[in-house]
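Enquirer: predicted model and sequence below, questions to follow.
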Amino acid sequence: MSIHDVERIVRGLPKVSLHCHLIGSVQAATVVDLARKHGVPLDGGRTAENLFDHGSYEDLDEFLRVLDVVGAVIRDVDDFRRVTYESLTEGGAAHNVLYREIFLSPPGHPGVPYPTILEGVRAGMRDAEVDTGIRSALIVGLNRNDTAASAVELVETVVAHRADDVLGIGLDYSEAIGPPERFWKAFRMAGAAGLERTAHSESGPPHHIETLLDLLGCTRVDHGYHVVDDEAMTRRCVEERIPFTCTPVSSDIGRYSGSGDGSHRRIREMVDAGLVVTIDSDDPPMFGTDPTNDYRVLAHALGYGLDDLARFSRNGVEAAWLDEADRAALRARVDAAIDDLRTTLTPAETGATAS
């Protein structure tokens with residue numbers, strides 16, 4: 001397909017977003033504006049033009065350092081409303097995202113009470129839905145670089161301030177420092193409270209996925225590229241239809257989904273193995289990407305047409321933490337948008353290439 005053909009497909013494709021971090025989706029200009037508002041100096045007088053150095057994020061510690069800078073300037077209810085609204089509209093609905101489950105990271109906003117965060121974020125969610133029709137929900141991320149006791153305390157806080165649109169918990173930050181088994185108690189408490197569970201497994205070995213499923217009770221895996229290194233684990237996840245929320249651009253920069261060469265070979269292997277794979281953009285502006293671009297790079301790298309890319313969107317409907325009525329409604333919206341897009345394309349543009 002030509003570049004023009006790919007562009008028509010990826011822009012028109014309806015998208016379901018299950019792996020996007022609120023802190024990581026703040027635009028650089030907004031970070032600078034909020035830093036000025038709160039009198040927070042940015043490193044070396046950084047500006048919106050040089051705040052995010054995408055290439056340097058091959059070093060996870062450098063990425064997490066910048067992520068913490070962003071989190072520290074989001075402080076009051078209006079800040080959280082603003083960044084949530086911008087993420088869901090300019091960074092979501094403008095790219096034909098119909099539904100998003102937002103990763104919220106309370107530990108990334110030191111000193112800000114959880115109710116303050118929740119009030120602002122939910123206001124932004126409501127405003128974005130009214131203005132654009134995008135629906136959204138929340139996943140509270142535990143910081144695996146904190147103590148297990150801190151994770152338990154955060155789950156207790158989430159349960160104490162339970163909101164219907166907080167669907168579950170996740171586990172992020174550096175896997176090397178925080179192996180998943182340390183957090184079994186927090187995850188067990190979350191499950192007992194009726195919260196869904198997922199966790200990042202980007203650089204960890206395949207046995208970490210077994211830990212997520214059997215010890216932490218996860219029903220989804222974030223990233224999970226190394227599952228294909230273990231035939232038995234791959235087969236189990238195929239049989240149980242465990243969804244994997246992959247993020248091509250950020251993981252390629254971090255050398256997880258294709259060794260940093262743009263091949264995205266692990267995502268191809270996951271798809272070819274029959275795993276349930278969804279696509280999202282992780283921390284979009286920080287990695288110089290957006291929800292459309294992550295589909296674009298896969299279309300070019302792997303030769304995917306509409307049928308292949310639409311499978312990711314439909315997998316997102318299956319993987320979303322929705323009740324059956326809401327899932328059916330989202331599926332109808334996605335299918336209708338795919339059908340409308342198909343009428344504008346040639347047979348060559350729609351043909352499936354994935355097995």
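Expert: Everything's here; your move.
Enquirer: tell me where the stretch 251-355 of the chain has helices.
Expert: Taking DSSP state H, counting those that start in this stretch to define them, one finds helices in the stretch 251-355 of the chain at 265-272, 291-302, 306-319, 324-342, 347-350.
Enquirer: of those, which is nearest Glu202?
Expert: Between Glu202 and those, the tightest spacing by CB to CB is seen for helix 265-272, at 10.6 Å. Yep, even glycine has a C-beta here, placed from its N, CA and C like the rest.
Enquirer: what residues does the closest one touch?
Expert: With contact meaning CB atoms under 8 Å, 6 or more residues apart in numbering, helix 265-272 is reached by 224-228, 244, 246, 248, 256-259, 277, 298, 302, 308, 354-355.
Enquirer: of those residues, keep whichever come out buried.
Expert: 224-228, 244, 246, 248, 256-258, 277, 298, 302, 308, 354 (16 or more other CB atoms under 10 Å).
Enquirer: what's the most distant pair in these?
Expert: His226 and Asp308 (22.6 Å).
Enquirer: circling back: so which of the buried ones among the contacts of helix 265-272 sit within strands?
Expert: Cross-referencing these against strands under DSSP state E gives 244, 246, 277.
Enquirer: looking at the helices of the stretch 251-355 of the chain, which is nearest to Asp146?
Expert: helix 306-319 (26.9 Å).
Enquirer: contacts for the closest one?
Expert: Contacts with helix 306-319, where a contact means CB under 8 Å, 6+ apart, come from 9-10, 13-18, 99, 220, 241, 243, 245, 271, 276-279, 295, 298-299, 302, 327, 330-331, 334-335, 338, 341-342, 345, 349-354.
Enquirer: who are the contact partners of Pro106?
Expert: Neighbours of Pro106 in contact, by CB under 8 Å, 6+ apart: 112, 114, 117, 140-141, 154, 157.
Enquirer: the same query, at a cut-off of 10 Å, please.
Expert: Listed by CB atoms under 10 Å, 6 or more residues apart in numbering, the contact set of Pro106 reads 71, 112-114, 116-118, 140-143, 154, 157-158.
Enquirer: now do Ser251
Expert: 202-203, 223, 225, 257-258, 260, 264, 266-267, 282, 287, 294.
Enquirer: okay if I get these as a markdown table plus pLDDT and distance to Ala176?
Expert: A markdown table is the format used below for the contacts of Ser251 (pLDDT from 0 to 100; distance: CB to CB, whole Å):
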| residue | pLDDT | distance to Ala176 |
| --- | --- | --- |
| Glu202 | 92 | 11 |
| Ser203 | 87 | 7 |
| His223 | 97 | 14 |
| Tyr225 | 96 | 16 |
| Ser257 | 83 | 18 |
| Gly258 | 76 | 20 |
| Gly260 | 85 | 18 |
| His264 | 95 | 23 |
| Arg266 | 95 | 19 |
| Ile267 | 97 | 22 |
| Asp282 | 97 | 18 |
| Phe287 | 94 | 20 |
| Asp294 | 98 | 25 |
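Enquirer: give me the pLDDT for Ala176.
Expert: Per-residue confidence (pLDDT) for Ala176: 84.
Enquirer: isn't it right up against His208?
Expert: No - taking contacts as CB atoms under 10 Å, Ala176 lies outside contact range of His208: 11.3 Å.
Enquirer: of those two, which one has the most company?
Expert: Per other CB atoms under 10 Å, whichever of Ala176 and His208 has more neighbours is His208, with 24 against 12.
Enquirer: how much space between the more buried one and Val66?
Expert: The gap separating His208 from Val66 is 25 Å, by CB to CB, to the nearest Å.
Enquirer: for Trp184, grab phi and psi.
Expert: Here is the backbone geometry of Trp184 (degrees, to the nearest 10): phi -60, psi -40.
Enquirer: OK, contacts around it?
Expert: 148, 151, 211, 215-217.
Enquirer: show me the residues you listed that map onto helices.
Expert: 148, 151, 211 (DSSP state H).
Enquirer: the second one against Tyr173, yeah?
Expert: By that I understand Ala151. No - counting by CB under 10 Å, Ala151 stays clear of Tyr173, with 11.2 Å between them.
Enquirer: looking at the two, which is more packed in?
Expert: Each of Ala151 and Tyr173 has its neighbours counted (other CB under 10 Å); Ala151 has more, 25 against 21.
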